[in-house]
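**Student:** here you go, sequence then predicted model.
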Amino acid sequence: MYPIKVQEIACEVSKQFFPSEPITYVSAGSMSSDFDGMMVPVPQKKGQWGIVYNDAVRSRGRINFTLAHEFGHYLLHRAALANGIQCGRDEMMSWDAAQKKLEAEANEFASYLLMPRNLFEAQMKGETLNLHLMQHVADHFDVSITAALLKWISFTSKRAMIVVTRDGFVKWAKPSEAAFKSGLFLAYKKNTIELPAQSLAARKDPLFDNEAGTDHAVGVWPFKEGVREMTLLADSYDMTISLLLFDDRAPVRYFGEEAEEEDTFDRFNRSSSASA
């Protein structure tokens, strides 16, 4: 049954349950690199809908998540989106609160459709936690490793954090609930945060098993405790994805530090977006 064939499900479900407004095509299309996909009304075909993904995207996992995300928009939002919607990760970070809510809900739907928690956890049971394992899980469900990491961090009891960097700076970061509650976060929305020079993500050593990771002492990353870093390098985009894993036993919360209040988009990441 898994990985889910989103294209087939979207067309069949819409035809059976919403015959007056079905999804009649799912295809690749040319669009700006800023966007991953879109849900659009079919021209001159009243009530019909189409789902299009960016034909420049080559990652099957990224395409699959995009299709599920747009299917989520169809099921949840089409009545409010008469002209359709274009979706891209970077845009989701800056749109207004109402738009973020729509994106969060579509992402959450995609997460549950593609990666049911019980099956996700079964793939990880008894295995060593690192990015090799996360890539295996991502391949199993035919999603991007970013989507798999966000799914895991939404329910894990471990103190962990995902950090995505581009051009040497933190683009976004998402702590698990346990990490957030113990004072671990990166205020990337308020401050420009440079990638730590001694981190695996900055060193980009091709001879080291970055995905298995290494332990860092206090001070390598900007936290008051040591951390294990596992990093996936994507040199073609000057981008890195790091999983930071902290000791299960949290120290006393640091006095005088306040975590940023999470917005709707952040809450999706806790319960589960990207256009990555």
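**Tutor:** Yep, that arrived. Numbering: from 1, shown residues only.
**Student:** would you map the helices across the stretch 51-200 of the chain?
**Tutor:** For the stretch 51-200 of the chain, applying DSSP state H, counting those that start in this stretch gives helices covering 60-77, 89-92, 97-114, 117-124, 131-141, 145-155, 177-181, 200-203.
**Student:** touching, S144 and I63? I think so.
**Tutor:** No: using Cβ atoms under 8 Å, S144 is not in contact with I63; the gap is 9.1 Å. Quick note: C-beta positions are derived from backbone N, CA and C, even for glycine.
**Student:** which residue comes closest to V164 once chain neighbours are left out?
**Tutor:** K171 (4.9 Å; Cβ to Cβ, 6 or more residues apart in numbering).
**Student:** return the set of buried residues in stretch 184-197.
**Tutor:** Within stretch 184-197, the residues scored as buried using 16 or more other Cβ atoms under 10 Å are 184-186, 188, 193, 195-196.
**Student:** lowest pLDDT pick from those residues?
**Tutor:** The pLDDT minimum for the buried residues of stretch 184-197 sits at Y188, where the score is 91.
**Student:** now it: how far from T24?
**Tutor:** From Y188 over to T24 the distance is 41 Å, taken as Cβ to Cβ, to the nearest Å.
**Student:** residue ranges with poor pLDDT in the stretch 101-250 of the chain?
**Tutor:** 235-237 (pLDDT under 70).
**Student:** please redo it, this time with the cut-off set to 80
**Tutor:** Along the stretch 101-250 of the chain, the parts satisfying pLDDT under 80 run over 234-237, 250.
**Student:** residues near T146, how many?
**Tutor:** Neighbour count of T146, defined by other Cβ atoms under 10 Å: 23.
**Student:** is it true that it touches V164?
**Tutor:** Yes: contact criterion Cβ under 8 Å: T146 and V164 qualify, at 7.4 Å.
**Student:** how is the chain divided into domains?
**Tutor:** In terms of domains, the chain is parsed into 6-114, 144-271 (source: automatic domain parsing).
**Student:** burial of W221, as a residue count?
**Tutor:** 23.
**Student:** just confirm it is within a strand.
**Tutor:** No: assessed with DSSP: H, G, I helix; E, B strand; the rest coil, W221 is coil; it does not lie in a strand.
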